[in-house]
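Colleague: turn this into a structure:
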Amino acid sequence: MDDTAATLPFHLRIAALQCNFEGSRQNTLNVPKLWNSFGFNTEQLFHTHSELYSAVFRKEAHTDILRDYIEKSRKNGIQIILYMNCHILLESQNDRAEDWAQVDRNGEYIRSYGTYHACCLNSSWTDFFLESIESLKEFDIRGIFFDGPSSSSCFCSRCCSLFEKEYGLPPDQAEEQQIDRFRLRTIIRFIKRIYEKTKKVNPGWLSYVNANLMHARASAEEMREILSYNDIIGTEGGFQFYGPPSDTDIWRCGMHAKFVEAASGDKRRVIFMAGDQKPWSWYMHTPTETKLCYASVLANGASVWYGIHSSTQNLKGVSGRAVQEMVQFDKKHDHLYQNTESAADTALFFSYNTSKHYTSSGEATDFYGSEGLKGRTGIGNYTDSFRGAYGMLFRSCVPFDVVTELNIDSLSTYSVLILPTCACMSRDTVLALKEFVTNGGTLISDSETALYSDTFEKQENFMLNDLLGVSFKGYRSYRTHDYFTCDTGPIKSAGVEYIPAPLTAVDAVPAEIAQVCARLCPPLAGRYSDRPESGVYPFIIKNGYGSGTSWYFAGRFFELYSTYGIPHYKEILNTILTEHSSPCAELLNAPESIEVTVRFSGTGDTLMVHLVNYSGGMNRPITDIIPVSGLVLKVNRGFSSARTLLSGTNLEPDANGLLHLPELREFEVVCIE
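Modeller: From the prediction side, this is the model:
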């Protein structure tokens, strides 16, 4: 068959209506006209075959409405990707729960959203679902999005029998790692089955699932296998807040977009953005939050899927007008956003192997649910360590990318790579990091980095000990009244005598050629005891390796910043970055609340500097943005012209070659040519 998906551009503007409360068949058929008026070019179609908040196509019930809707969409310039739910049973299937639903260890049904049964992937429900895919073959669609599958472990009789057959013992006698592996292998087999079924029905259709890229409890190899059965990489980076909004990092949407880029290779990438403030489906995000999320996704090279979980009447208010403004901006500059590439000089490494095995924590979204601490015990929390490093870079207005084991072959494009507590490491990753530094790169790491194998086997020494310039000896415990001091060297400029120490330190023995730049003071008896002694134990160690440099922090450096936000931690990191990085553009006079990204347009002749302004009233949701004036852009490459996309201002460099920017509200894009 023809490659029907080839008619879709790389960069998409996707709309979604995640229920059907439109009131009539005619109102339903009017929705494509609405999407067209907003500026969308694609719909991830749910509401024609919905049953409340779930949707699975059933030929006998939905053929006529789907055929008519596709025709209406075609006339309005909207292409269709069909939604299919594969993590919950339809409400009308509740009578099949005994055969099709997941149960927990106690034999109780597992409920999603407090309402629906979760689908068991080892039940005959999968036959029903595959037949539903088969029945779509006559329709002119561009692919299928599969919302799921469920990530829970099932303990029904079918799953228990299959588990015992595979492992030789029942689940209640098994180790937790065996149960988790069975869960994940079940998920991967299902994703492979629906992918292969979709391609059999129409090889040109796109097939993709709702990918959990940050908290999937999957190793790098397992993630690589999962993503191989996806033609688009999409994740719920724009579903927020679920918990207290003030607990949500302002960089959340952009962070997920960076992950999507790291995982996608040359595939299309999308961030799912809910128009409603979660968990309330009928209450919309503020216009400001709407613009910020959309702008941050664009700034990080992903397409936006914008969906609501209520009636389209909710789009007639101020939040609907805000998203329409953003989609129209996206549409107007579509030629710039097709196939953009990052121009960042710095990268932050996320380790799937560490996330799977080391102590870490999850987050809540509509599909993924929430998780507490998981993994086996390390000295810290990997999620908090990564968050701390991310926060330092974001608040320093540093353009950067996320790199994982999946795209580690891209390291040569960066000058600086940061590894926050990347404890679990494969031999291939070790070799790639050594090659990166040997060829002139700078590696910044902390804590137990490279102290465990990729399967969490603790090593006698760091697998990167020669690169780091240190050997592992043990640990030192510190409390929230202990300190370190800076020695002579490039970070002496921290400017204070005593800086708070991380709560757990590594007893690291420096190599003779390594330079100790900061030392941990002996622990104090209490916060109001004597004056701290001078630093004794090596804490920040600089080491030359090949043509490059390593900076190693012997403790939970990034994690402490995540928890306490110590300003001098960020200042120390910035001192190192100033010495080793070569950014193509720098934002001057900026507050910590502006996200900065740099990307080349698809044609490669335009450098796009995105600025997303999260300056608000010190609270979430942000209702009113605080405009920022006096921003200056320093461009570290030759250029002939510069202009802003939103305000339409032509920028002329001053005598020093600096660009003085107009007042920044929610966002702006500076195009350098």
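Colleague: how near is M223 to S351?
Modeller: According to C-beta to C-beta, to the nearest Å, M223 stands 11 Å off from S351. In this view, the C-beta of every residue, glycine as well, is placed from N, C-alpha and C.
Colleague: what residues are shared contacts of those two?
Modeller: Residues touching both M223 and S351 (C-beta atoms under 8 Å, 6 or more residues apart in numbering) are 404-405.
Colleague: endpoints of stretch 595-608, how far apart?
Modeller: 13 Å (C-alpha to C-alpha, to the nearest Å).
Colleague: M223 and S351: who's more crowded?
Modeller: For M223 versus S351, neighbours defined as other C-beta atoms under 10 Å are more numerous around S351 (28 against 22).
Colleague: what about the residue nearest to the more buried one when sequence neighbours are not counted, neighbour count?
Modeller: Spatially, and ignoring its direct neighbours in sequence, S351 is nearest to C422 (4.3 Å; C-beta to C-beta, 6 or more residues apart in numbering). For C422, the count of nearby residues is 29 (other C-beta under 10 Å).
Colleague: got it, and S157?
Modeller: 11.
Colleague: per-residue confidence at it?
Modeller: What the model reports as pLDDT for S157 is 96.
Colleague: same thing with S151?
Modeller: pLDDT for S151: 88.
Colleague: my guess is it contacts F190, does it?
Modeller: No. Using C-beta atoms under 8 Å as the test, S151 is too far from F190 to be in contact (11.4 Å).
Colleague: flag every buried residue along stretch 243-255.
Modeller: 248-255 (16 or more other C-beta atoms under 10 Å).
Colleague: most widely separated two among those?
Modeller: Using C-beta to C-beta, the buried residues of stretch 243-255 reach their maximum pairwise distance at T248 and G254, which is 12.6 Å.
Colleague: what number of residues lie near G657?
Modeller: For G657, the count of nearby residues is 11 (other C-beta under 10 Å).
Colleague: if I pick the residue nearest to F40 when sequence neighbours are not counted, what's in contact with it?
Modeller: Leaving aside its sequence neighbours, F40 sits nearest to A15 (C-beta to C-beta, 6+ apart; 4.1 Å). Contact analysis of A15 by C-beta under 8 Å, 6+ apart lists 35, 38, 40, 42-44, 78, 305-307.
Colleague: change it to 6 Å
Modeller: A15 is in contact with 35, 40, 43, 306, counting by C-beta atoms under 6 Å, 6 or more residues apart in numbering.
Colleague: give the rounded mean pLDDT of the helix or strand the third one falls within.
Modeller: The reference is to E43. Taking DSSP states H and E as the criterion, E43 maps to strand 42-45. On average, the pLDDT along strand 42-45 is 98.
Colleague: quick check: E559 vs L419, distance?
Modeller: 13 Å.
Colleague: okay, the two: which has more neighbours?
Modeller: L419 (30 against 27).
Colleague: ok, so what distance separates the more buried one from F394?
Modeller: Distance from L419 to F394, by C-beta to C-beta: 17 Å.
Colleague: check I271 too.
Modeller: Taken as C-beta to C-beta, the span from I271 to F394 is 17 Å.
Colleague: over to Y564?
Modeller: Distance from Y564 to F394, by C-beta to C-beta: 17 Å.
Colleague: domains in this structure, by residue range?
Modeller: Split into domains by automatic domain parsing, the chain comes to 4-90+123-148+188-340, 346-580, 585-672.
Colleague: who has more neighbours, Y564 and F394?
Modeller: F394 (22 against 14).
Colleague: who's in contact with whichever strand or helix holds R599?
Modeller: Take DSSP H and E as the rule and R599 turns out to sit in strand 594-600. Around strand 594-600, the neighbours that count as contacts under C-beta under 6 Å, 6+ apart are 254, 299-301, 340-344, 397, 399, 584-585, 587, 608-613.
Colleague: now intersect the residues you listed with the strands, please.
Modeller: Taking DSSP state E as the definition of strands, the contacts of strand 594-600 contribute 341-342, 585, 587, 608-613.
Colleague: show the buried residues in these.
Modeller: Judged by 16+ other C-beta under 10 Å, buried ones among the ones in strands among the contacts of strand 594-600: 342, 585, 587, 608-613.
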